[in-house]
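*Asks:* Generate a structure from the sequence data that follows.
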Amino acid sequence: MAISHAAISQVAFEGLVKDGDTNQPLAYVNIGIKNKSNGTVTDASGKFTIKLTDDSDSLKISMIGYAPQIYKVSDFKQRFSSVNAVLLKPAIIQLKAVKVSNKKLKESILGNTTQSKSTNAGFTSNKLGNEIGAIIKIKRAPTFLKRFNVSLTNEVSSDVKLRLNIYSVKNGFPEQILSDRNIFVTVLKGAEKISVDLEPYGIIVDGDFFVSLEWIENSRGHGLMFSASLFSSPIIARETSQAAWEKVGLAGVGFNVLAEY
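*Replies:* Numbering: from 1, shown residues only. I've put the predicted structure just below:
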């Protein structure tokens with residue numbers, strides 16, 4: 001049995017998520033109660049554990065490149081108490097049309113470029129699915145995203161694996177993931193900055209966007225902190241997978257993107 005609860009009082013489900021076509025385990029799938037701080041991420045073997053206490057809650061299971069699944073907790077318990085795994089079906093990706101132009105493109109850095117060591121913000125816990133980011137304003141549409149950068153204010157005590165996410169923005173908060181592939185980032189012990197090449201992912205935005213880093217793997221690298229500054233775009237974060245987004249703190253995190261437009 002892939003999903004079970006050892007005791008009714010604990011209602012802790014241990015499960016496995018697989019690709020519905022290949023039957024292979026899926027690593028780093030987001031699983032959580034919608035708009036509540038109760039969520040997790042599958043490990044490298046596709047396994048997860050989550051406590052489900054309220055049968056009326058909605059449980060969402062999602063992964064970039066796959067169609068999400070949403071269940072009422074009571075239905076999820078009944079359906080998956082005796083089956084092998086949760087199966088996610090690959091999503092049908094509609095490629096965005098790109099207009100070819102002979103206009104000379106301009107390159108610039110968008111976002112917060114601070115490299116401050118005295119002001120910082122970041123992950124205060126290593127709870128799986130914890131996500132932190134900022135809205136970045138564009139200067140002209142369309143804009144091609146080339147490289148993400150942020151400076152660290154403390155040395156990482158051990159390697160940390162994160163996921164970089166790019167979202168569209170609606171009413172001042174993240175809305176939909178814009179990339180069709182996972183962008184994984186490994187921050188090595190002793191690193192002083194994070195720099196991610198975005199060109200292979202072909203991300204083109206037509207409006208302001210939200211960029212975030214997500215904690216996806218258990219690690220001893222607790223307390224990963226980034227350069228930050230006052231009077232900049234506010235930090236938007238969520239505690240874990242599928243939790244509600246919130247604006248937090250007074251300083252803006254130093255996330256910036258090299259872009260072409």
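*Asks:* got any ranges where the stretch 51-200 of the chain has weak pLDDT?
*Replies:* For the stretch 51-200 of the chain, applying pLDDT under 70 flags the ranges 95-101.
*Asks:* count of residues packed around the nearest residue to residue 173 once chain neighbours are set aside?
*Replies:* Spatial nearest neighbour of residue 173, excluding adjacent residues (Cβ to Cβ, 6 or more residues apart in numbering): residue 245 at 4.8 Å. The way it works is simple: take the backbone N, C-alpha and C, and place the C-beta from them, glycine included. By other Cβ atoms under 10 Å, the residues close to residue 245 number 19.
*Asks:* For residue 245, list the residues it contacts.
*Replies:* Shown in contact with residue 245 (Cβ atoms under 8 Å, 6 or more residues apart in numbering): 173-174, 236-238.
*Asks:* roughly how far apart are it and residue 235?
*Replies:* Residue 245 sits 11 Å away from residue 235, going by Cβ to Cβ, to the nearest Å.
*Asks:* Overlap of the contact sets of those two?
*Replies:* By Cβ under 8 Å, 6+ apart, no residue touches both residue 245 and residue 235.
*Asks:* before we move on, the earlier item: how about the contacts of residue 245 in a markdown table, adding neighbour count, secondary structure and distance to residue 12?
*Replies:* Below are these laid out as a markdown table (neighbours: other Cβ atoms under 10 Å; DSSP: H, G, I helix; E, B strand; the rest coil; distance: Cβ to Cβ, whole Å):
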| residue | neighbour count | secondary structure | distance to residue 12 |
| --- | --- | --- | --- |
| 173 | 15 | strand | 31 |
| 174 | 21 | strand | 29 |
| 236 | 23 | strand | 30 |
| 237 | 22 | strand | 26 |
| 238 | 24 | strand | 22 |
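*Asks:* which strand is the longest one in this structure?
*Replies:* strand 160-170 (DSSP state E).
*Asks:* List of residues touching that strand?
*Replies:* Contacts to strand 160-170, defined as Cβ under 8 Å, 6+ apart, come from residues 28, 131, 133, 135, 145, 148, 174-179, 182-187, 194, 196, 203, 205, 207-217, 219, 221, 224.
*Asks:* mind redoing it with 7 Å?
*Replies:* For strand 160-170, the external contacting residues (Cβ atoms under 7 Å, 6 or more residues apart in numbering) are 28, 135, 145, 148, 174-179, 182-187, 196, 203, 207-217, 219, 221, 224.
*Asks:* Over to stretch 21-37?
*Replies:* Here stretch 21-37 makes contact (Cβ under 7 Å, 6+ apart) with 16-19, 38-46, 48, 50, 57-63, 88, 90, 129, 163, 182, 216, 239-244.
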